[in-house]
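*Asks:* Sequence first, predicted coordinates after that:
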Amino acid sequence: MAAAIIVLVFGIVLVLLYSRRPAQQAREQSSEPQRNQSAANNSPVAPTQEDQNNFQLTADLIDGDRHIMLSGDDKLLGLESASTQTQNEVISALKSGRVGAPSFMAELKGHSGSLMGAPSSEYGLLNPFATAVESRTPTFRWRAIDGAESYAVTIYGNDAKKIVASGPLTETKWRVNVPLERGRIFTWQVRANKKGAEILMPPPAAPEAKFKVIDAAKVEELTQIRRSDPHSHLLLGLAYASAGLLDDSARELRRLVAANPKSSVAKSLLRSVEAQKRPR
């Protein structure tokens, strides 16, 4: 009799144990998606196919390690970590296909005017002109003139006062050896010596070659952007354009176009930067 009772109790225990296992497994399986979702929320997630399907896209760009999309109703994906101001600037640029520019750019384009020296048949200067620069000791580049024996660069303040001159050069580039003052606009020109004759670049009838050295506050702002978004050609291109650094902006936007060769938006942004450098 006692043996029968023991067997009965043991059987009941086994039944209870096995009946609990399916319920426990079901609870564990139901919690697994929640754990996966929690882990996913702690790392960057690319826009899903459903996100893309729900968008009527104004822009769709691969930008470094990001996929940036803008819908027709101004919803921006891919830049959630950026500030509201930055997101608004990106939305404006992607919608218009144009980059912003500081007000001083109009002055840097220059007007046709009178420069000292003999005329030349071509403009000749490459950079910097009609742009701002970040370095206080920028490098100046110009085209070679056949038969030229030497070149000389002169930099003037915006009041036409001479700031620094290079002396005779045989190369078609020169880095200024005196730091230029930040926040000021400068003009530069090159004199080529060819068989005793002086050829001036740019010629007197052409717009002056002007540039600006950006101020320290703008340098710090750009440094912060490069630190936080070093691989974003779009953000860097827009930031450089906003500071007036058109050569740097064009470089970044060319890289954006290269990554998105079929994007009319990327091409339009690049064209808008290049157009700003054309003399009036």
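*Replies:* On my side now, so go ahead.
*Asks:* Going along the chain, name the helices of the stretch 101-250 of the chain.
*Replies:* Assigned helices in the stretch 101-250 of the chain, in chain order: 105-109, 216-228, 233-243, 246-259 (criterion: DSSP state H, counting those that start in this stretch).
*Asks:* rank those by pLDDT, which is bottom?
*Replies:* The weakest mean pLDDT among the helices of the stretch 101-250 of the chain belongs to helix 105-109, with a mean of 88.
*Asks:* counting contacts, what elements does it pack onto?
*Replies:* Counting contacts by 3 or more Cβ pairs under 8 Å, 6 or more residues apart in numbering; DSSP states H and E, helix 105-109 packs against strand 209-213. No exception for glycine: its C-beta is placed from N, CA and C like everyone else's.
*Asks:* low-scoring stretches of this protein, by residue?
*Replies:* Counting by pLDDT under 70, the chain contains low-confidence residues at 1-55, 110-122, 278-280.
*Asks:* Domain map for it?
*Replies:* 49-96+229-280, 105-213 (automatic domain parsing).
*Asks:* re the thing from before, ok, which of the helices of the stretch 101-250 of the chain comes nearest Met69?
*Replies:* Nearest to Met69 among the helices of the stretch 101-250 of the chain is helix 233-243 (11.9 Å), distances taken as Cβ to Cβ.
*Asks:* other SSEs contacting the closest one?
*Replies:* Applying 3+ Cβ pairs under 8 Å, 6+ apart, we find helix 233-243 packed against strand 57-63, helix 84-96, helix 216-228, helix 246-259, helix 264-276.
*Asks:* go again using 7 Å as the cut-off
*Replies:* Counting contacts by 3 or more Cβ pairs under 7 Å, 6 or more residues apart in numbering; DSSP states H and E, helix 233-243 packs against strand 57-63, helix 84-96, helix 216-228, helix 246-259.
*Asks:* Gly167 contacts Val153, doesn't it?
*Replies:* No: using Cβ atoms under 7 Å, Gly167 is not in contact with Val153, being 8.8 Å away.
*Asks:* who's more crowded, these two?
*Replies:* Higher neighbour count among Gly167 and Val153: Val153, with 21 against 9, using other Cβ atoms under 10 Å.
*Asks:* Now for that one: which residues touch it?
*Replies:* 140, 165-166, 174, 188, 190 (Cβ atoms under 7 Å, 6 or more residues apart in numbering).
*Asks:* who's it bridged to?
*Replies:* In this structure, Val153 bridges to Val190 when assessed by DSSP bridges.
*Asks:* Please tell me how far it sits from Val257.
*Replies:* Val153 is 32 Å from Val257, where distance means Cβ to Cβ, to the nearest Å.
*Asks:* now do Glu220
*Replies:* 29 Å.
*Asks:* neighbour count winner among the two?
*Replies:* Taking other Cβ under 10 Å, Glu220 and Val257 do not tie; Val257 has more neighbours (20 against 9).
*Asks:* I figured that one hits Val265, correct?
*Replies:* No: with contacts counted by Cβ under 7 Å, Val257 stays clear of Val265, the gap being 9.8 Å.
*Asks:* so who does the nearest residue to Trp188 once chain neighbours are set aside touch?
*Replies:* Distances taken as Cβ to Cβ, 6 or more residues apart in numbering place Ile155 nearest to Trp188, at 4.8 Å, with adjacent residues excluded. Taking Cβ under 7 Å, 6+ apart, we find Ile155 in contact with 163-164, 176, 186, 188.
*Asks:* Relative to Tyr240, which of the helices and strands packed on helix 233-243 is closest?
*Replies:* helix 246-259 (3.8 Å).
*Asks:* buried stuff in that closest one?
*Replies:* Across helix 246-259, burial judged by 16 or more other Cβ atoms under 10 Å covers 246-257.
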